[in-house]
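> The following block contains a protein sequence and its predicted model.
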Amino acid sequence: MEILIVHHAGQLLTLAGGPQRGQALGDLGLIEQGAVVIQGAQILAVGRSTDLLKAYPQAERFDAHGKIVMPGFVDPHTHLVWAGDRADEFTLRLEGKTYMEILAMGGGILSTVRATRAASIEELVSQTRPRAREAFRHGTTTMEVKTGYGLTLESEIKQLQAILALNREGPMELVPTFLGAHAVPPEYQGRTEAYVDLLCKEMLPGIHDWWYHEVPDQRLPFVDVFCERGAFDLAQSRRILEAAQGLGFPLKIHADEFENLGGAALAAELGAASADHLVKTSPDDIRALASSQTVAVSLPGTPFGLNEAEYTPAQAILQAGGTLALATDINPGTSWCESMQFILALACRKMRLTPAQAIAAATINAAAALQRQDTLGSIEPGKQADLLILDVNHYQHLGYRFGTNLVSHVIKQGRIYPVN
Ligand code: NIG
Ligand code: FE
């Protein structure tokens, strides 16, 4: 198998050593004049350029001369697959309507549900492809993608099919999540309990069977719930997540985006992979989360997109010893942002993360939020060769700069893609 050596990185950020909890966040595992040896889709060796060039004299060479080399971003919370847009709601919000008011009026998520139900798989794929491409150009090598704009078994499966199709196309890798509990569909308005029954008794088993029939060799998708007043309350969220767990699905939750309902503590109790949003999370819930394996995923693009003042209490989460990750939450309502680089810039300003902390939260900890920390999120022998080359001389430019793309090349599973 062909061997490639990426050498003379001014700063090679390995992020070696596993997910970074609490105040340990921000250990970049930095090697000056570093090199990475890649065989096929895997990392073979990591070290100093002088040593590795000597050890692998026949390898094809990529001179990173003074640039930053780091793991690809893992974006662990997105709603990438949708049809249409909601630019009109942006204007409504600027005029004073809130996000949840627009949803209660039948807009918001439900407006995207109408457009997504009406779209064919081909239309969904072709509307989503440019967003996937932008995310990849900005350095996202693996992205979680949720359903949740269908809200019937059939149309949720259509979204899963679009996710699987885009994953097959590559180069960005997609990790699916079933979010049938994203909103109460119009045909169940006022009958949330009946929709929860449908989810537990028909949709979850239906997704499970479909998955095993369609892609038996792939890991089951995550199951996620929007736990919020106006969507699903804590007891309903528990029912859905417990039913999912009973079928073997790994779990996630949207918690405390607008109100503190206790979703984060529920995630910790059930051993969910992550609890996401976490803006209004109480000190007790932060403690519960921090003493569990559940990763706290912060989505600063969302309060920014909604022009709200409050962000995830990241410092409290770190002080409590939690594992903090960052994601875009890209969706047509609250955060149409493909760029993890912009999310890092927001995290540094609004949550006072250092650039080093933000980088770790967007790579190794983000991989942990997808239960893929063994293969993704760091540059270590045996891991998948997903790397970025940034055309800057110091890693602090991530976070410091925003609005332009600092990535010059993406290496995905050992293949080099010039992107800028
Ligand atoms: O994570 N809050 C729920 N879901 C998304 C928004 C989805 C939408 O508005 O279309 C979120 O912010
Ligand atoms: Fe979300």
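That came through, no problem. Quick caveat, the model's predicted, so the values are computed rather than measured. Ligands and ions are numbered 1, 2, ... in the order given.
> could you show me where the strands are in the stretch 101-250 of the chain, in order?
Along the stretch 101-250 of the chain, counting by DSSP state E, counting those that start in this stretch, strands occupy 140-146, 173-181, 222-227.
> Could I get the contacting residues of the closest residue to ligand 1 within the stretch 51-200 of the chain?
In the stretch 51-200 of the chain, the residue found nearest to ligand 1 is residue 109; the distance is 4.5 Å by C-beta to the nearest ligand atom. C-beta: built from backbone N, CA, C; applies to glycine. Shown in contact with residue 109 (C-beta atoms under 8 Å, 6 or more residues apart in numbering): 103, 148, 149, 182, 183, 333.
> Let's have those residues in CSV, adding distance to residue 286 and pLDDT.
Below are the contacts of residue 109 laid out as CSV (distance: C-beta to C-beta, whole Å; pLDDT from 0 to 100):
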residue, distance to residue 286, pLDDT
103, 27, 91
148, 26, 98
149, 31, 98
182, 25, 97
183, 27, 96
333, 26, 96
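> could you pick out which of the residues you listed are near ligand 1?
Restricting those to those near ligand 1 by C-beta under 6 Å from any ligand atom leaves residue 333.
> For this structure, which helix or strand comes out least confident on mean pLDDT?
helix 99-104 (a mean of 92; mean pLDDT, DSSP states H and E).
> And for that one, what's in contact with it?
Helix 99-104 is contacted from outside by 89, 92-93, 108-110, 183, 228-230, 258, 306, 333-334, using C-beta under 8 Å, 6+ apart.
> how near is residue 82 to residue 143?
Separation of residue 82 from residue 143 (C-beta to C-beta, to the nearest Å) stands at 14 Å.
> my guess is residue 340 meets residue 139, correct?
Yes: between residue 340 and residue 139 there is a contact under C-beta atoms under 8 Å: 6.2 Å.
> Identify all contacting residues around stretch 373-387.
In contact with stretch 373-387 (C-beta under 8 Å, 6+ apart) are residues 6, 12-19, 29, 36, 38, 40-46, 69-72, 74, 141-142, 363-368, 370, 410-414.
> can we see that at 6 Å?
Outside stretch 373-387, the residues that touch it by C-beta atoms under 6 Å, 6 or more residues apart in numbering are 14-16, 19, 36, 38, 41-43, 45-46, 69, 71-72, 74, 141-142, 363-364, 367, 411-412, 414.
> give the contact list for the residue in the stretch 151-300 of the chain that ligand 1 sits nearest to.
Per C-beta to the nearest ligand atom, residue 226 is where the stretch 151-300 of the chain lies closest to ligand 1, at 4.9 Å. Going by C-beta under 6 Å, 6+ apart, residue 226 touches 182, 254.
> Look at it and report its pLDDT.
Per-residue pLDDT puts residue 226 at 98.
> Which strand residues bridge it?
On the basis of DSSP bridges, residue 226 is bridged to residue 254.
> need the residues of the protein near ligand 1, please.
Counting by C-beta under 6 Å from any ligand atom, the chain sits next to ligand 1 at 79, 108-109, 112, 226, 254, 257, 302, 329, 331-334.
> Go ahead and build a ChimeraX selection from the buried members of those.
Burial among the residues of the chain next to ligand 1 is assessed by 16 or more other C-beta atoms under 10 Å; the matching ChimeraX selection reads:
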select :79,108,109,112,226,254,257,302,329,331,332,333,334
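> Looking at the residues of the chain next to ligand 1, which is nearest residue 390?
residue 329 (23.1 Å; C-beta to C-beta).
> what's that closest one in contact with, if anything?
Shown in contact with residue 329 (C-beta under 6 Å, 6+ apart): 77, 299, 301, 302, 335.
> What distance do you get for the nearest residue to the second one once chain neighbours are set aside to residue 298?
Think residue 299. Spatial nearest neighbour of residue 299, excluding adjacent residues (C-beta to C-beta, 6 or more residues apart in numbering): residue 329 at 3.9 Å. Residue 329 sits 10 Å away from residue 298, going by C-beta to C-beta.
> now do residue 306
Distance from residue 306 to residue 298, by C-beta to C-beta: 15 Å.
> cool, and residue 227?
16 Å.
> Ok, residue 98 next?
Residue 98 is 21 Å from residue 298, by C-beta to C-beta.
> Which one of those two is surrounded by more residues?
Legend: neighbour count by other C-beta atoms under 10 Å for residue 98 and residue 298, higher for residue 298 (29 against 14).
> The more buried one against residue 312, yeah?
Yes: if you go by C-beta atoms under 6 Å, residue 298 and residue 312 touch, sitting 3.8 Å apart.
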